[in-house]
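Undergrad: my questions concern the predicted model and sequence given below.
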Amino acid sequence: MQLDVTKEEEDQAAIAKGIEQFRTIDVLVNNAGYCLHGAVEECSFEEVRKQFETNFFGTVRMIQHVLPHMRKQKKGTIVNFSSIAALSTSEGSAFYGASKCAVEGLSDGLRKEVNPLGIKVIVVEPGPFKTDFFYRSIAINEHNIEDYQNTSGKRKLKIKNLDDSVMQGWGDNTKAAKVIIKAVKSGESPFHLLLGSVAVRLAENIFTSRTLEVAQWKELSIQTDDVHSE
């Protein structure tokens, strides 16, 4: 079925059809999303709201509609697609990264609520894959401020013809689906599931950098503690 996650009636109809046909929903995969390209200052509130309406609130709607069924059967897995943009957001994609950070925060709290009920939550963090995402799923903000032309301005494009040179090292969709299925079926599924070597390398570098930053500024950070003298 075609499903626009921003439309409540379509969400409910799709879930009802799934229950009718299969009698149960074992796995919910929230993969709907697109990327708004534009500097923070350039983007309108309407564009930002639309970005979150699809990437975040659409995910919330689907989760809320499916959970009653999963709670009743005392099992199920919710797979929420995030992105490596939640780990490191490129200039010109701040609102996309923010929407994926929201998905990660939602998922973290959700898993602590539903794990005791027999329901698993997995956050997928893919790197670049060989799809038409970079063309079909890119929304270009048309407000151009000269000062941002060398940063976010460079990202205001759609890649219409992806060739091997552009996609070198990008992930394979079929393999990604198989990996997700393995994670869902695993007895101890990961909470965060990176997809692709690009994503793994980025995560390793970010976590190393963050650990060093924490250590570097630790003495300043702990100066906020309320320490009472004897």
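TA: That came in fine, so what should we check first?
Undergrad: buried sites along the helix or strand of the chain with the lowest mean pLDDT?
TA: Averaged element by element with mean pLDDT, DSSP states H and E, the chain has its least confident helix or strand at helix 133-136 (a mean of 77). Judged by neighbour count (16 or more other Cβ atoms under 10 Å), helix 133-136 contains these buried residues: 133-134. From N, CA and C alone the C-beta is placed, and that goes for glycine too.
Undergrad: same for the helix or strand containing residue 120, what does it pack against?
TA: Using DSSP states H and E, residue 120 maps to strand 119-126. Under the contact criterion of 3 or more Cβ pairs under 8 Å, 6 or more residues apart in numbering; DSSP states H and E, strand 119-126 touches helix 58-73, strand 76-81, helix 94-114, helix 173-185, strand 192-195, helix 197-221.
Undergrad: 10 Å - rerun?
TA: On a contact count with 3 or more Cβ pairs under 10 Å, 6 or more residues apart in numbering; DSSP states H and E, strand 119-126 meets strand 27-30, helix 58-73, strand 76-81, helix 94-114, helix 173-185, strand 192-195, helix 197-221.
Undergrad: state the distance from residue 199 to residue 118.
TA: For residue 199, the distance to residue 118 under the criterion Cβ to Cβ, to the nearest Å works out to 29 Å.
Undergrad: more neighbours: which of these two?
TA: residue 199 (21 against 12; other Cβ atoms under 10 Å).
Undergrad: what's the neighbour count on residue 187?
TA: Residues lying near residue 187 (other Cβ under 10 Å) number 4.
Undergrad: name the SS class of it, please.
TA: Counting by DSSP: H, G, I helix; E, B strand; the rest coil, the backbone at residue 187 sits in coil.
Undergrad: pLDDT score assigned to residue 164?
TA: Residue 164 carries a pLDDT score of 64 in this model.
Undergrad: ok, now which ones touch the residue nearest the centre of the chain?
TA: Among the residues of the chain, residue 82 comes closest to the average C-alpha position under Cα atoms, centre = their mean, at 1.5 Å. Neighbour list for residue 82: 30, 33, 55, 59, 97, 99-104, 106-107, 123-126, 192-194 [criterion: Cβ atoms under 10 Å, 6 or more residues apart in numbering].
Undergrad: please pick the buried ones from those residues.
TA: Listed as buried from the contacts of residue 82 are 30, 33, 55, 59, 97, 99-104, 106-107, 123-126, 193-194; burial here means 16+ other Cβ under 10 Å.
Undergrad: what's the neighbour count on the closest residue to residue 8 other than its chain neighbours?
TA: Nearest residue to residue 8 in three dimensions, chain neighbours excluded: residue 61, at 6.7 Å (Cβ to Cβ, 6 or more residues apart in numbering). Counted by other Cβ under 10 Å, the residues lying close to residue 61 total 19.
Undergrad: in this structure, where is pLDDT below threshold?
TA: When the per-residue scores of the chain are filtered using pLDDT under 70, the ranges that remain are 158-167, 228-230.
Undergrad: doesn't residue 51 make contact with residue 99?
TA: Yes. In terms of Cβ atoms under 10 Å, residue 99 counts as a neighbour of residue 51; the distance is 5.6 Å.
Undergrad: so what sits against both of these two?
TA: In the contact map built from Cβ under 10 Å, 6+ apart, the residues linked to both residue 99 and residue 51 are 33-36.
Undergrad: tell me which of these is nearest to residue 24?
TA: For the shared contacts of residue 99 and residue 51, the residue nearest residue 24 by Cβ to Cβ is residue 33; the value is 25.8 Å.
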